[in-house]
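>>> take this sequence and fold it.
(one chain, ligands or ions: 1)
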Amino acid sequence: MPLVDVDFPEPAEALPRRMRALVTEGERRIRAFIDARGGAVAGFVPSDFERVAQVLRAVVHQNLAPGRTFCEWGSGFGVVTLLAAQLEFSACGIEVDPELVEQAERLAADFEMDVEFACGTFVPHGGEDLTDVPQEFAWLLTGAACGHEQLRVDPADFDVIFAYPWPGEEQVVEDLFERFAATSALLLTYHGMEDIRLRRKVAG
Ligand SMILES: C[S@@+](CC[C@H](N)C(=O)[O-])C[C@H]1O[C@@H](n2cnc3c(N)ncnc32)[C@H](O)[C@@H]1O
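Alright, predicted model coming up:
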């Protein structure tokens with residue numbers, strides 16, 4: 001089933017205070033985490049949380065999503081998942097790096113948010129054939145436990161799925177979404193400050 005682009009007029013006003021607080025604290029912890037590991041963490045680069053938050057707000061304000069369930073594929077520190085939860089999505093995240101899952105859970109606990117993160121792969125059973133990326137883009141780890149299974153969910157349960165794919169992985173994320181997401185669900189992808197895309201899976 002094809003994906004079609006969806007326009008999202010972004011809110012002109014600043015983020016509400018509680019979302020801003022989460023973005024600021026998430027960014028602070030990520031800086032400290034990366035610095036403590038010599039300036040880089042393999043496979044992990046955070047998205048621009050403020051920008052992503054504004055697009056999620058647009059999704060809510062414009063009523064673009066068919067419902068309020070959200071999953072972040074490759075959730076890193078969990079900030080986007082928690083921002084979605086602040087917007088009253090029933091939100092969860094799937095992340096393959098256990099250290100990042102631990103950080104995401106700590107951030108959720110410190111903000112007193114009841115949000116679940118699975119440590120595993122977002123590649124659902126039956127999607128492995130779509131993950132054949134060149135070696136240099138092999139961040140998209142396969143072979144890990146299935147994150148959806150751990151969360152007792154199916155990719156088709158989500159109204160919005162967010163991912164920040166590495167270059168070379170975009171097609172994989174798109175193909176997985178096309179195969180496994182529900183019709184009418186939204187795929188929000190971050191590709192850098194100037195490139196954030198919102199697409200909908202449509203029938204036919
Ligand atoms: C570019 S980072 C983005 C992190 C986060 N989504 C954000 O916006 O800040 C991509 C994340 O996906 C994770 N990842 C890569 N392949 C994965 C997979 N197959 N399943 C789950 N997580 C994966 C990486 O460990 C990394 O944390």
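>>> quick check, central residue of the protein?
With distances taken as Cα atoms, centre = their mean, residue 72 lies nearest the centre of the chain, 2.7 Å away.
>>> that residue reaches residue 81, doesn't it?
Yes. In this structure residue 72 lies within contact range of residue 81 using Cβ atoms under 8 Å: 4.5 Å. C-beta: built from backbone N, CA, C; applies to glycine.
>>> shared neighbours of the two, which are they?
In the contact map built from Cβ atoms under 8 Å, 6 or more residues apart in numbering, the residues linked to both residue 72 and residue 81 are 91, 92, 93.
>>> check this structure for the residue nearest the ligand and tell me.
For the chain and the ligand, the shortest gap (Cβ to the nearest ligand atom) falls at residue 74, measuring 2.3 Å.
>>> surely that residue meets residue 123?
No. Contact status for residue 74 versus residue 123: not in contact, 10.3 Å apart, counting by Cβ under 8 Å.
>>> which non-adjacent residue is nearest residue 88?
Taking Cβ to Cβ, 6 or more residues apart in numbering as the measure, residue 88 lies nearest to residue 68, with 6.1 Å between them; neighbours along the chain are not counted.
>>> what residues does that neighbour make contact with?
By Cβ under 8 Å, 6+ apart, the contact list for residue 68 reads 88, 89, 90, 159.
>>> how about residue 51?
Residues counted as contacts of residue 51 (Cβ under 8 Å, 6+ apart) are 190, 193, 196.
>>> number of residues surrounding the first one?
For residue 190, the tally of surrounding residues (other Cβ atoms under 10 Å) stands at 20.
>>> what pairs with it across the strands?
Under DSSP bridges, the beta-bridge partners of residue 190 are residue 196.
>>> and it, how far from residue 101?
Between residue 190 and residue 101 the computed distance is 20 Å (Cβ to Cβ, to the nearest Å).
>>> quick one on the thing from earlier: how would you label the residue nearest to the centre of the chain: helix, strand or coil?
strand (DSSP: H, G, I helix; E, B strand; the rest coil).
>>> quick one: contacts for it?
Remark: with contacts taken as Cβ under 8 Å, 6+ apart, residue 72 is in contact with 78, 80, 81, 84, 91, 92, 93, 94, 161, 162, 163.
>>> sounds good, over and out.
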